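Enquirer: Below is the sequence, then the predicted model.
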Amino acid sequence: MLELVKAGGWPMIPILMLSALAVALIVERAWTLRRAHVLPPGLGNEVRTWASGGALDPAHIESLRATSPLGELLAAALDVRERPREQIRERIEDVGRHLVHKMERYLNTLGSVASAGPLLGLFGTVVGMIQLFLGILDHGIGDVNQLAGGIGKALVCTAAGMVVAIPALMAHRWYRGRIAGYIVEMEHEAIQLLDTLENTRPAAPAVKAQLRTPALVD
């Protein structure tokens, strides 16, 4: 392996740096986007139980907000629970966009690594081929086997760039899909909480119609 890295020459340095960055981002997102952290099991049922029982003091809501992205979304709905349903939905959508942005953190960088890997590999190969042909220009073709070995070494960078890019691209697409699934489930939990809040609201007092006494006709 070390021999292949040496064969690629100095263009292998940025490719190796990209590989280290890709591994770090993949591990970090895998830890941050684990299901138990984003959607703790049973949290939605627990919050709906609080809402139906009226146990919604500020300390409860703040502790809920700190638990997970789902908790932050449900806490945002509870902050404005006295408002009309449409206003609560608007608050949920605003907080939801913020949470999506947080969950998609570093994914653009991971996508950039997937795009830059093959380009750097191609650049390294081009540099190697240029050096090879300059050597031929100065010293002639010489041994054909040596020429083939030089071409093989030049292609090492292309292979290395693909080795970096393929896992990065797969991880990028997979995390995107996982976040999309989380968003759907969080929306479902928020709608269920909205229904619970609406059912627990006291009914509005009926307005009694005032009967007007018809004027007497002289």
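Expert: Perfect, I can see it now. Numbering: from 1, shown residues only.

Enquirer: Which residue ranges of the protein form helices?
Expert: Taking DSSP state H as the test, the helices found in the chain are 2-8, 12-32, 35-38, 43-53, 58-65, 69-79, 85-103, 107-139, 144-154, 156-200.

Enquirer: okay, those, which one's buried deepest?
Expert: helix 69-79 (a mean of 22; mean count of other C-beta atoms under 10 Å). Backbone N, C-alpha and C define where each C-beta goes, glycine included.

Enquirer: Check the average confidence over that one, would you?
Expert: Mean per-residue pLDDT for helix 69-79: 91.

Enquirer: In CSV, list the C-alpha atoms belonging to that helix.
Expert: The C-alpha atoms that make up helix 69-79 are tabulated as CSV, following Å, rounded to 0.1, in the frame of the first residue of the first chain:
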residue,chain,number,x,y,z
PRO,A,69,-34.2,17.4,17.5
LEU,A,70,-37.7,15.9,17.9
GLY,A,71,-37.9,17.3,21.4
GLU,A,72,-36.9,20.7,20.1
LEU,A,73,-39.7,20.6,17.5
LEU,A,74,-42.3,19.5,20.0
ALA,A,75,-41.2,22.1,22.5
ALA,A,76,-41.6,24.8,19.8
ALA,A,77,-45.2,23.7,19.4
LEU,A,78,-45.8,23.7,23.1
ASP,A,79,-44.4,27.2,23.4
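
Enquirer: what angle do that helix and helix 85-103 make?
Expert: 150 degrees (axes from the mean of the first three to the mean of the last three C-alpha atoms, to 10 degrees).

Enquirer: pLDDT below threshold where in the chain?
Expert: Within the chain, the ranges that satisfy pLDDT under 70 run 1-8, 55, 135-150, 201-218.
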